[in-house]
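**Student:** task: produce atomic coordinates for the following.
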Amino acid sequence: MPAKKTSSSPADAASAATERPSYEEAREELVDVVRRLEAGGLPLEESLALWERGEKLAVVCQDWLDGARARLDAVLDRGDRAAD
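**Tutor:** From the prediction side, this is the model:
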């Protein structure tokens, strides 16, 4: 007997993702989550799942930005030391 297919919710998709998305992918998905939440009309459970996904995506975006800032600071610091 074939496996029964079930519909996946945003929370299911989030837990199924094993790789960290790029900054651009996370930001694009976050924009979509915000758009869907702002449009309204969703059941409470779906709204909560989207909110939780949005929170996770915001953390991913912030991690990318923090990492980029650290790399930039390191390069600038090396440049300052080389100039001395």
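**Student:** which residue is nearest the centroid of this protein?
**Tutor:** L57 (2.2 Å; CA atoms, centre = their mean).
**Student:** do you know how far that one is from E29?
**Tutor:** 6 Å (CB to CB, to the nearest Å). C-beta coordinates here come from the backbone N, C-alpha and C atoms, glycine included.
**Student:** what comes into contact with the helix or strand hosting E24?
**Tutor:** Secondary structure assignment for E24, by DSSP states H and E: helix 23-39. Helix 23-39 is contacted from outside by 10, 21, 42, 47, 50-51, 53-54, 57-58, 60-61, 64-65, using CB atoms under 8 Å, 6 or more residues apart in numbering.
**Student:** dump the residues you listed into JSON lines; add distance to V34 and secondary structure as well.
**Tutor:** Shown next, in JSON lines, are the contacts of helix 23-39 (distance: CB to CB, whole Å; DSSP: H, G, I helix; E, B strand; the rest coil):
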{"residue": "P10", "distance to V34": "13", "secondary structure": "helix"}
{"residue": "P21", "distance to V34": "16", "secondary structure": "coil"}
{"residue": "L42", "distance to V34": "13", "secondary structure": "coil"}
{"residue": "S47", "distance to V34": "12", "secondary structure": "helix"}
{"residue": "L50", "distance to V34": "9", "secondary structure": "helix"}
{"residue": "W51", "distance to V34": "10", "secondary structure": "helix"}
{"residue": "R53", "distance to V34": "11", "secondary structure": "helix"}
{"residue": "G54", "distance to V34": "7", "secondary structure": "helix"}
{"residue": "L57", "distance to V34": "10", "secondary structure": "helix"}
{"residue": "A58", "distance to V34": "10", "secondary structure": "helix"}
{"residue": "V60", "distance to V34": "15", "secondary structure": "helix"}
{"residue": "C61", "distance to V34": "12", "secondary structure": "helix"}
{"residue": "W64", "distance to V34": "18", "secondary structure": "helix"}
{"residue": "L65", "distance to V34": "17", "secondary structure": "helix"}
